[in-house]
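Engineer: structure of the sequence below:
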Amino acid sequence: MADMVKSESDDRIAASPSVKSEDDPGAAGPFLSNLASHYPNIEYTSSFAWERESEMKISERVATKQKALDDAFNCAQGIVNLITTACDGEGPDVGQVQKDPEIQAWKEEISRLKEQHMSLEILVGVAGATGAGKSTILNMLLGRPHLLPSSNSEASTASACQVKYNHDDSPNHLFRAEIDCHTYQEVLCELKKLYEAFGQTFDEETHLSQMERMEQQVNNEVFIREEMKKIKAVWHLEREQVESMTPETLLDSNGHVRALLGGTQSISSANIKEFAELVKPYVDSSPTPQGFEVWPLVKQAKLYVKSPVLKEGITLVDLPGLSDAVESRARVAQRFFERLDTTIIVTRSSRAIDEKIGVDLMNEYQALQMQSNGTFRKKQFCVVASQMDDIDVEGFRLGSKVAKANVNLQNDMEEIGRLTHEKRETEKELRTRTKNAEVCKKKLGKATHVLKTLKAKKNITILKAARLHREKLEKAYRKVSTLQTQLASYKTTVDQLHGKLYKLEESLEACKGRAKWTCIRLRHEYIAERVKKNMKSKLRSSQDQDQGTNSENDGIVEVFSVSAKAYRDHLGNERSASFPETSYTGIPQLLTWLRTSALEKREAHLDVLLKALQRLLNGIQQWSNVKSGDQTVTFSRRAMEGILSNVHENHKKNLDTALRHWAGVIVAIDPFESIKHHIMVSSETVGTVVFKWAFKYPDDARKLDYMAYGTYDAILRRNGGPFLSRGSERRSYNFSESLAVPVLRVMSGNWLPVLHKYIPSHEPLIMKPIAEIWHRYVSELVKQIETAAPAILPQLQECLPVLRRILDEMQLRVREILNGVSRSSSDIQPEFRDALQTRLTPLFAQALAITGTGSFKKRREYLQQHVVERVQPMFDYAYKRMEEAYDVYRANVLREFVLISTFAFDKVKQHFDLLLANLKKKTRRSTTSDSGRDKEEVDDSIALKQNVARLVLEWETMWRFPGEVEDMSCDSLELPLEFVRRSNDLEDTEEDNDEGDEEDDSEDEDAEMGEEEEEDEE
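Structural biologist: As a prediction, the model looks like this:
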């Protein structure tokens, strides 16, 4: 079916031309060819830089369009300010400006477009296990190292935390937050589960086996212990105190806690550090000023921060687990996951090397869900191996086959050994020379004292004594001189050894850094290979065959290894031997990928805004044109409005008919038709799925261990999941999702081409008749005006660009409606899972009613039998629920298509009303006497339009010549291949070995100095 749809779609597209872009010389086609025969001087080819799409990469296009949008908003705001000033003033032109509905419509539409731009939301979800480093990575991407808490406690990401761009420029609102807390009923529901666990008994009356009782008791105690952590955090109560209360009295025991439930806390600050401290109690385990912790009560948090990556419309979502123990929080996480545009899964590098990546990070249902949303591809899905600097180099070198085979790594390790030995010997030599220098210094002090004593003796009259004194004095001088020379030599040697040791340490550090980096990169390559392999396996039978030939889906997932700590060190100008540049940390590559992942949605969003602003520009340009102000135009406005009204109505009916026809075509397309005969799933397949429900590792065919009885019991009590196991090894389970997987495999391989390819391919087919109708409409306008008022044809010529912009906007609206139908899969698919869970719930309740010895086995057998027997009606019911959800989108298609026609003709009417009003005003002024009041009124009106015209000219100039724009393109998203040492690293230490001779001389001097230690001091 997918191939047939694709072939039919390609044939239809090839047979029908689409509406071309304006930079194509033949783009106008029949739309302007007829008009051009009447007016050969019309120039319609646009020269705006942001329209020249074929000449640029997508990153350049988006950057150019973003700058064009910013420039347009700045100029448009200036025009709005001029008009607002005119309306608020007391000049003679105030009344006319206030009466022009088109001018007021401009102001409203500019404001609406700004709101539309600020509301752009590209959801990027970041998920991962506790301690994986999600929050730290988010802080680095935001450029705010201390914004989100980065501890390893569960409270760090206990609730979904959104980080959005802050458009509020108020001084005290540079950083804002809105914290939503759970309602009273939600918390009460969770507390009742705790009290049920308090009341659980596991004595002989339960008829469980001893092993089953022990397992259930252990799991029950684990649950109570985890829930009591939250109770202690909020209410500071022990278990005995809690058991003596009811859930209601516990909730009402703290007025501050009770006041938070169901409310939204607003926080703002002008200082990032102050803001982080104010927000911390809601996103971390820090206590509030009242002394209790809030994180167990928080459902979700929204933080508004100024950051370049957020300004592009990206919203980062720090997600808790999809199987959170708190059901309401798990639902929030699940809703986010179903709506994500981009997904980032974080895992620690040290764990990624030992685990089967892909099984633990994402189950098959989630992979199928992402595929149905069109986000299971490299552009919108990545895995981040965090803390890549946490690596045992020696252990990796000895334990990895790839490391053993890497010659450069082995050479570096040998060099590290040599340098370490040489450093050790140098340190030993340095200690010896330092000690010798200290001894020499002491001897020099003694010799100097002897010399001073001898010099102090005077008036020796005995000849023999005088001669002896002179000899001793000469000998003392020689000894001091010798010791001074020796000490200087020792100091020189010590300084040289210090220099040599410093160079050795630098070389050793660089060599270790290079070896560590080599290990990091080899491990990254290994992790990337395993992740891609395991992710591909998740789509084994469901993957669309066409995706295999699409380069953007090669590998399915992008893999990054990062070190947020090393990146933070670089931001703080701290040295890092293994990460000489920020590119080695992986964060810049991840940031580039993140921004690139948003380009497609950003470009579609920018196109809609720019086309609307382009139409506004043409309208404002025509209104502010005062060059023809002296021309007298005689016509009856009422008669002209009647003529135009007839033309509008006739062609609007034609456009309505065409749009309704194509809406019917789109509605008639049934993406489910191709899978109706596939909805039958064999009993054997269903039986295998149900049989694996009791396995501890249901996704791993190599492990056939049963889960604990208590875990199985808890999953059934939670209606099959989602459930997060409560042991030391936490695993997620969801029975209804696993049962939906066999059907979704078939569905995703058949209906996705219909939703994501076939339906969007109708855009050129729809636009062809719309463009023809619009051409006839414009031609009829020209003919009627040429007959009734040929004098205003020059003004009509100025309207032609506006009419074309409206056609462009109609095309964008058609495209958005078709893309909306394509995106409906993200809302439709969960209906199948939810419907299955609804029908499975009674069966789970019946299974729970089975007690006694061997109940674990009996429950499994009961579900095995009854689910297989009833699965086909379940699938039929779930299938019907999906069709009903899709019918909502079908109904919306007809409504939205009809609104396209209304939008187009409303804009035309508004523009022509302003045109006629301006012409009537010009005619009245040109025939008015030159009295002082009338002349002042004319001058003020012209002055306002001239001021607006100057801004229009500036607007046009910036669109034609935008100057330099930011280029987000990146040569590679890979880590650097080669390790480049820093410029201050010393490259060689061989020169330090040429000082041996001087050290030998020092040893000879030591021997001489030892012989003189026996000298007497007179």
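Engineer: ok, which stretches of the stretch 451-600 of the chain are helices?
Structural biologist: If you assign secondary structure with DSSP state H, counting those that start in this stretch, the helices in the stretch 451-600 of the chain sit at 463-537, 564-571, 587-597, 599-623.
Engineer: switch the ones you listed over to JSON lines; also include mean neighbour count, distance to Glu243 and mean pLDDT.
Structural biologist: The C-beta positions use only the backbone N, C-alpha and C, and glycine is treated the same way. JSON lines is the format used below for those (neighbours: other CB atoms under 10 Å; distance: least, CB to CB, whole Å; pLDDT from 0 to 100):
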{"stretch": "helix 463-537", "mean neighbour count": "18", "distance to Glu243": "46", "mean pLDDT": "86"}
{"stretch": "helix 564-571", "mean neighbour count": "20", "distance to Glu243": "43", "mean pLDDT": "88"}
{"stretch": "helix 587-597", "mean neighbour count": "21", "distance to Glu243": "48", "mean pLDDT": "92"}
{"stretch": "helix 599-623", "mean neighbour count": "21", "distance to Glu243": "52", "mean pLDDT": "90"}
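Engineer: right, so of the ones you listed, which gets closest to Thr246?
Structural biologist: Ranking the helices of the stretch 451-600 of the chain by their distance to Thr246 (criterion: CB to CB) puts helix 564-571 first, at 45.5 Å.
Engineer: same for the closest one, what does it pack against?
Structural biologist: With contacts taken as 3 or more CB pairs under 8 Å, 6 or more residues apart in numbering; DSSP states H and E, helix 564-571 sits against helix 134-142.
Engineer: after the helix it packs on comes which helix or strand?
Structural biologist: If you walk from helix 134-142 toward the C-terminus, the next helix or strand you reach (DSSP states H and E) is strand 160-165.
Engineer: show me what that following strand is packed up against.
Structural biologist: Applying 3+ CB pairs under 8 Å, 6+ apart, we find strand 160-165 packed against strand 298-305, helix 308-311, strand 314-318, helix 327-339.
Engineer: now the angle from it to helix 134-142?
Structural biologist: Between strand 160-165 and helix 134-142, the angle comes out at 10 degrees (axes from the mean of the first three to the mean of the last three CA atoms, to 10 degrees).
Engineer: if we can go back for a sec, what's the closest of the helices of the stretch 451-600 of the chain to Asp71?
Structural biologist: The stretch from the helices of the stretch 451-600 of the chain with the least distance to Asp71 (CB to CB) is helix 599-623; that distance is 9.9 Å.
Engineer: the closest one vs helix 587-597, what angle?
Structural biologist: In terms of direction (the same axes, to 10 degrees), helix 599-623 departs from helix 587-597 by 60 degrees.
Engineer: just how off-centre is helix 599-623 within its chain?
Structural biologist: Here the centre of helix 599-623 is set off from its chain's centre by 26 Å, with CA atoms, centre = their mean, to the nearest Å.
Engineer: distance to Ala177 added to the helices of the stretch 451-600 of the chain, as a markdown table?
Structural biologist: Written out in a markdown table, the entries for the helices of the stretch 451-600 of the chain read as follows (distance: least, CB to CB, whole Å):
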| stretch | distance to Ala177 |
| --- | --- |
| helix 463-537 | 34 |
| helix 564-571 | 22 |
| helix 587-597 | 22 |
| helix 599-623 | 25 |
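Engineer: nearest to Gly852, out of the ones you listed?
Structural biologist: For these, the distance to Gly852 is smallest for helix 463-537, at 40.7 Å, taking CB to CB.
Engineer: all helices for the stretch 1-150 of the chain, in order.
Structural biologist: Assigned helices in the stretch 1-150 of the chain, in chain order: 2-15, 30-38, 58-88, 94-99, 101-118, 134-142 (criterion: DSSP H, counting those that start in this stretch).
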